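Trainee: Any chance you can model this:
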Amino acid sequence: MTGVNEQRRVPLQIKTLADLKRRIEVGTELVATYHKKHPDLVGLTRVVTQVQTNGFYSKIKDQPHHRWSVCNGGMGFRSDFEKASAYRFDGTKIQVLDVRAKDGSVLYEIEVFPHEMKMTEQEENNMNEWDRLRLQAQRYKQDYPAGTRILLLRMGNDPRPVEDNMRGTVVAVDDIGTVHCKFDNGRQLGVIPGEDSFRKLTEAELTQEKNAILLKSFREKTAALSQVTDMESLYTSPDFQCDQTGGYPTSLVVNWTENKAWLELNDSMAEEGEDLTPYELGCAEWGIRNCWDIEDYNGMVMSLGEDAMDNATMYEDEDNGIVMQ
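Mentor: Now for the predicted structure:
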């Protein structure tokens, strides 16, 4: 997850195509949050290098040897200006429709950032290599604080490279700009801007990781709670259309020995090949709750919707004390 002290730049609010064209100048930065044809562009910061009447070129920031920096004869990635009808402006998000598909689908979505203050060419030429590396390191320390999650797209000339498309977590950035990371495959290695191709994980990818961790923990805990020697201590309600899981048939399960309750999908209702992850995530987000008695149980049922109340409410038989639906 991105470090809490990270100073994030705010993308520009752009409302019209004319405004977009005014904002696109040499040095303007943009980040694709979606791209139908080139998903490997998502999350990479591109810097505009050349602007023409009908489009512009951009290169991957601090990665001059990246394939999108050297394409088109070294001019970089080409983006055309389309007709105004091909754009959707929504706050900081800019969607460009796929005009060739003619189906209203989105070709790509970007956010645009103002360009950073740059030194003059003469000032940059007067810098020695150490000063240049020091300034690059300062920028990377700001952009990649410890804890930032990255995706290593490919590694350059390392004799024992980390495999392509490996995720990792930033440990530190040293004084010459090397980004030291602990990768998910257990290796710990520094990635070098300009030689290795990498990017931050997108917000969508970070959410996906968070959900995967939540689901793993939920599955492990509920599996342990389901392992009982006395089956009478484990109660599973009739299934019901649950508001928490978007109407998917769900039961409320209680371990009366541990006094814990959780939601469980009736996966026997699943169609072949159906992905139940979104519904199971609803169960995980609801969590594992304390359940001490019937009153607690029925309170949970009431919170889960009308169908849950109709099908899963418990009543106590006053004659013999037996709990029953």
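Trainee: hey, let's count contacts and neighbours off CA atoms from now on
Mentor: OK.
Trainee: where in the stretch 101-250 of the chain is pLDDT low?
Mentor: Across the stretch 101-250 of the chain, residues meeting the criterion (pLDDT under 70) sit at 116-132.
Trainee: Which parts of the stretch 51-200 of the chain are helices?
Mentor: With helices called from DSSP state H, counting those that start in this stretch, the stretch 51-200 of the chain shows them at 67-74, 121-126, 129-143.
Trainee: and what of the stretch 201-325 of the chain?
Mentor: Counting by DSSP H, counting those that start in this stretch, the helices of the stretch 201-325 of the chain are 203-226, 277-286, 294-303, 306-312.
Trainee: would JSON lines of the ones you listed with distance to residue 66 and mean neighbour count be doable?
Mentor: As requested, the helices of the stretch 201-325 of the chain are exported to JSON lines (distance: least, Cα to Cα, whole Å; neighbours: other Cα atoms under 10 Å):
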{"stretch": "helix 203-226", "distance to residue 66": "22", "mean neighbour count": "14"}
{"stretch": "helix 277-286", "distance to residue 66": "35", "mean neighbour count": "18"}
{"stretch": "helix 294-303", "distance to residue 66": "53", "mean neighbour count": "16"}
{"stretch": "helix 306-312", "distance to residue 66": "55", "mean neighbour count": "18"}
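Trainee: can you tell me the distance between the two ends of stretch 282-301?
Mentor: 15 Å (Cα to Cα, to the nearest Å).
Trainee: Residues contacting it, please?
Mentor: Residues outside stretch 282-301 that contact it (Cα atoms under 8 Å, 6 or more residues apart in numbering): 214-215, 218, 244-245, 252, 254, 256, 259-265, 308-309, 312-315.
Trainee: Please compute how far that stretch lies from its chain's middle.
Mentor: Centroid separation for stretch 282-301 versus its chain: 29 Å, with Cα atoms, centre = their mean, to the nearest Å.
Trainee: I'd like the mean pLDDT over that stretch, please.
Mentor: Across stretch 282-301, the average pLDDT comes to 95.
Trainee: what's the closest non-adjacent residue to residue 60?
Mentor: Once flanking residues are discounted, residue 60 sits nearest to residue 46: 4.4 Å by Cα to Cα, 6 or more residues apart in numbering.
Trainee: name the element the one you found belongs to?
Mentor: Using DSSP states H and E, residue 46 maps to strand 45-52.
Trainee: Quick check: buried residues in that strand?
Mentor: When burial is assessed from 16 or more other Cα atoms under 10 Å, strand 45-52 yields the following buried residues: 45, 46, 47, 48, 49, 50, 51.
Trainee: do the same with stretch 285-292
Mentor: 285, 288, 291, 292.
Trainee: Now for these: which two are most distant?
Mentor: Farthest-apart pair in the buried residues of stretch 285-292 is 285 and 292; separation 20.7 Å (Cα to Cα).
Trainee: would you list the helices of the stretch 201-325 of the chain in TSV and tack on distance to residue 163?
Mentor: Listed next are those as TSV, based on distance: least, Cα to Cα, whole Å:
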stretch	distance to residue 163
helix 203-226	19
helix 277-286	28
helix 294-303	47
helix 306-312	48
